[in-house]
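Colleague: model the structure of this input:
(one chain, ligands or ions: 1)
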Amino acid sequence: MPALLVTGANRGIGLELVRQYAAEGWSVLATCRHPDSAQDLQDLAAKDPDRVELLPLSVTEPGEIEALPRRLGDRPLHLLVNNAGLRPREASVLGSVDTASFMEAIQVNALGALKVTEALLPNLQRGEKPLVVMISSSLGSLARNEEGGDYGYRAGKAALNAVMRSLAVDLNPRGITVISIHPGWVRTRMGGSHARLSVEESVTAMRSVLGRVSLADTGKFLRLDGREEPW
Ligand SMILES: NC(=O)c1ccc[n+]([C@@H]2O[C@H](COP(=O)([O-])OP(=O)(O)OC[C@H]3O[C@@H](n4cnc5c(N)ncnc54)[C@H](OP(=O)(O)O)[C@@H]3O)[C@@H](O)[C@H]2O)c1
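Modeller: Residues are numbered from 1 along each chain as shown. A predicted model of the protein is given here:
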């Protein structure tokens, strides 16, 4: 059974990643901040206890990140999806950018993904054709920013893409592929009810792209149609 670890798996895109990969026969380590109150995730795990395992993980808690490799032991990991993300309203509007919220956006969206990846390298190296996926955003694209605003989130996703590029270079000799992907505009708590795609549509398309990615693609910032997003 190939194994996947997802962060921010209690709702939205993360939860749907768990649902679809488990249905496809993967062993899924579903991480979230509060597993005890993650009802949808608990329901998935109860339905498929051999495939879905819940683990506590806040990507800003060094102790929880350090505990991950101990919890996994020598289990191989084929896919890591750094999905946890934060788009703080308090760091969005010029004139009222809250410093702590801006820093938290960087910490969750970029540093968290780096530290989780760093911690799981031994497990990824045991996997077959390991792949690390950063759930980024077109809002992190510098070239496409023509609307402004969203300071914390845009900076967080741009920083995530920078982290992704360095990881892609550093991990290439170890055969680990690293990419960023924009999941589209998706109806979740973050994307809102008017977004274009359902979580099912986004994750179905994403799985199709991820299934075709190889080491030759490492370092790319992809869209759901498999083409590259401008930086
Ligand atoms: N929806 C869209 O249109 C869209 C577009 C582009 C990119 N994205 C990206 O897609 C990813 C998933 O977002 P979504 O749309 O599914 O939004 P969502 O429903 O708001 O989910 C965000 C997830 O991130 C988790 N999270 C936040 N801070 C965390 C932390 N410190 N540690 C661990 N988990 C944390 C949340 O957990 P809690 O429930 O504990 O807060 C939640 O599970 C994000 O990276 C987002 O930036 C979404």
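Colleague: make it CA atoms for all contacts and neighbour counts henceforth
Modeller: Fine.
Colleague: residue 145 reaches residue 137, doesn't it?
Modeller: No - Residue 145 is not in contact with residue 137 according to C-alpha atoms under 8 Å; the separation is 11.4 Å.
Colleague: these two - which one has more neighbours?
Modeller: residue 137 (24 against 13; other C-alpha atoms under 10 Å).
Colleague: ok, the more buried one - contacts?
Modeller: Neighbouring residues of residue 137 by C-alpha atoms under 8 Å, 6 or more residues apart in numbering: 157, 181, 182, 183, 184.
Colleague: and what of residue 203?
Modeller: Residue 203 makes contacts with 13, 16, 17, 20, 183, as judged by C-alpha under 8 Å, 6+ apart.
Colleague: quick check: the first one is in a helix.
Modeller: Yes - judged by DSSP: H, G, I helix; E, B strand; the rest coil, residue 13 forms part of a helix.
Colleague: what about residue 38, distance to residue 57?
Modeller: Taking C-alpha to C-alpha, to the nearest Å as the measure, residue 38 falls 12 Å from residue 57.
Colleague: return the residues of the protein in contact with the ligand.
Modeller: Of all the residues in the chain, those in contact range of the ligand (C-alpha under 6 Å from any ligand atom) are 8-14, 32-33, 57-60, 83-86, 108, 135-137, 182-191.
Colleague: thinking again about what came up before, can you redo the contacts of residue 203 as JSON lines with neighbour count?
Modeller: As requested, the contacts of residue 203 are exported to JSON lines (neighbours: other C-alpha atoms under 10 Å):
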{"residue": "13", "neighbour count": "25"}
{"residue": "16", "neighbour count": "21"}
{"residue": "17", "neighbour count": "27"}
{"residue": "20", "neighbour count": "16"}
{"residue": "183", "neighbour count": "22"}
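Colleague: between those residues, which sits nearest the ligand?
Modeller: residue 13 (3.8 Å; C-alpha to the nearest ligand atom).
Colleague: pretty sure that closest one contacts residue 190?
Modeller: No - Residue 13 is not in contact with residue 190 according to C-alpha under 8 Å; the separation is 10.0 Å.
Colleague: the closest residue to residue 205 other than its chain neighbours: neighbour count?
Modeller: Nearest residue to residue 205, sequence neighbours excluded (C-alpha to C-alpha, 6 or more residues apart in numbering): residue 224, at 5.8 Å. When neighbours are counted by other C-alpha under 10 Å, residue 224 registers 21.
Colleague: shouldn't residue 224 be in contact with residue 206?
Modeller: Yes - Residue 224 is in contact with residue 206 according to C-alpha under 8 Å; the separation is 5.7 Å.
Colleague: for residue 17, see how far away residue 210 is.
Modeller: For residue 210, the distance to residue 17 - C-alpha to C-alpha - is 12 Å.
Colleague: what backbone torsions are found at residue 175?
Modeller: Main-chain dihedrals, residue 175, degrees, to the nearest 10: phi 80, psi 20.
Colleague: what's around it, how many residues?
Modeller: 18.
Colleague: now do the contacts for it.
Modeller: 129, 130, 215.
Colleague: what about the last one, neighbour count?
Modeller: Using other C-alpha under 10 Å, residue 215 has 16 other residues around it.
Colleague: so it touches residue 179, yeah?
Modeller: No - with contact defined as C-alpha under 8 Å, residue 215 does not reach residue 179; the gap is 9.6 Å.
Colleague: before we move on, back to that, how about TSV for the contacts of residue 203, with pLDDT, distance to residue 175 and secondary structure added?
Modeller: As requested, those are arranged in TSV below (pLDDT from 0 to 100; distance: C-alpha to C-alpha, whole Å; DSSP: H, G, I helix; E, B strand; the rest coil):
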residue	pLDDT	distance to residue 175	secondary structure
13	98	27	helix
16	98	28	helix
17	98	24	helix
20	98	26	helix
183	98	25	coil
